[in-house]
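[1] can you look at this prediction? I've put the sequence above it.
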Amino acid sequence: MTDNKNTKIAFLGIGLMGIHMAERLLRDGFAVNIWNRSQPKLAPLIELGAVNYSDATQAVNGADVVITMLQNGDIVDDVLYNSGAINSIKSGALVIDTSSIAPVMAKKHCDALGALGIDYLDSPVSGGTKGAEFGTLVIMAGGTDAAFKRAAPVYATLGRATHIGKTGSGQLTKLANQTIVAITLAAVSEGLLLAAAGGANAAIVRECLMGGFADSRILTEHGLRMVERNFTPGGPNVIFVKDMKAILEAAAELKLELPLLSHVNDVYKKMCDDGQGDLDHASYILALEAANPPHRL
């Protein structure tokens, strides 16, 4: 897989993240087949040379690499495994699942593909739509050394990949990532609201804290969303709740208690129940404001 032009990729799942990832692969010279349940959004990729298929089974046929970027593990199962599309992937191909799924499911998928002579990497990503657009995603890969080396040209197009270890470890790393993100979102919200309630300008407080020990990507990017009241989703709450459910299920299997994450999960679940599931993660500040009237940023 050293010559991009000779590597055919099937990309399954053209959503908020997938559309940018597929575009980067096309611009880097890969031949890309695309599939998505919703067809209208695919036009920009087709203009760049992507070949669109209405059936995932057809899209993966003959591909050297199959990339999935789907909403959850159940959908990955439906699209690639339960549908029988797995049987159209050629022996010797490589499947890279960039979806966020349960570690145990990643192991199951690896076994199913391995029985057909197909390599597998669980490769969830972090960095949001901006990372996908600019090729700066953090990629957490689980699988064999050989499979990771094969994927190097693809990973180089999409961002910075780290080989964590055996199959499933990429997904575990993503769960750790989302745990830290969720708790930090709550911390940034509480800190900025505290400052604003005391009469400080939250926007200036955020700028002051950047570069100090309280700095983070969350403070920089989501903190800005909070002060600007911009909750157009880079990542919608409904997907975030799905991630937190996976975290808590994994924690239960390991007999761990995660009290901070559990509280944050409850807040986001209520937001989704109240019709705020399509807002960006930064909208946690809205729930905090609602619990502390009349204060707001």
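    Now that the structure is in, tell me what you want to look at. Numbers count the residues shown, from 1 in each chain.

[2] so what are the domain limits for the protein?
    For the chain, the structural domains run 4-166, 172-290, going by automatic domain parsing.

[3] which among those domains is found nearest to Arg296?
    Taking C-beta to C-beta as the measure, these were each checked against Arg296, and domain 172-290 came out nearest at 4.5 Å. Every C-beta, even on glycine, is put in place using the N, C-alpha and C of the backbone.

[4] ends of that closest one, how far apart?
    The first and last residues of domain 172-290 sit 33 Å apart, counting by C-alpha to C-alpha, to the nearest Å.

[5] same check, this time on stretch 268-275
    Using C-alpha to C-alpha, the gap from the first to the last residue of stretch 268-275 comes to 11 Å.

[6] can you give me how far that stretch is from the chain middle?
    How far stretch 268-275 lies from its chain's middle: 20 Å, per C-alpha atoms, centre = their mean, to the nearest Å.

[7] again with stretch 215-227
    Its chain's C-alpha centre lies 18 Å from the corresponding centre of stretch 215-227 when counted by C-alpha atoms, centre = their mean.

[8] for it, buried residues please.
    Going by neighbour count (16 or more other C-beta atoms under 10 Å), the buried part of stretch 215-227 is 216, 218-219, 222-223, 225-227.

[9] list the neighbours of stretch 31-45 that are in contact with it.
    5, 7-15, 18-19, 22-23, 25-26, 46, 49-56, 58-60, 63, 79 (C-beta atoms under 8 Å, 6 or more residues apart in numbering).

[10] which ones among those map onto strands?
    Helix and strand membership here follows DSSP state E; of those, those in strands are 8-12, 51-52.

[11] of these, which is the nearest to Lys107?
    Of the ones in strands among the contacts of stretch 31-45, the one sitting nearest to Lys107 (C-beta to C-beta) turns out to be Leu12, at 20.0 Å.

[12] just list whatever residues bridge to the closest one.
    Beta-bridge partners of Leu12, counted by DSSP bridges, are Trp35, Thr68.

[13] in the stretch 101-250 of the chain, which spans are strands?
    Assigned by DSSP state E, counting those that start in this stretch, the strands in the stretch 101-250 of the chain fall at 119-122, 125-126, 137-142, 159-165.

[14] partner strands of the longest one, with direction?
    The partner list of strand 159-165 in its sheet, established with DSSP bridges, is strand 137-142 (parallel).

[15] which of the buried residues of stretch 215-227 fall in helices?
    Restricting the buried residues of stretch 215-227 to those inside helices, with DSSP state H as the criterion, leaves 223, 225-227.

[16] returning to that earlier point: ok, the buried residues of stretch 215-227 vs Ser189, which is closest?
    Distances from the buried residues of stretch 215-227 to Ser189 were compared by C-beta to C-beta; the smallest belongs to Met226, at 6.7 Å.
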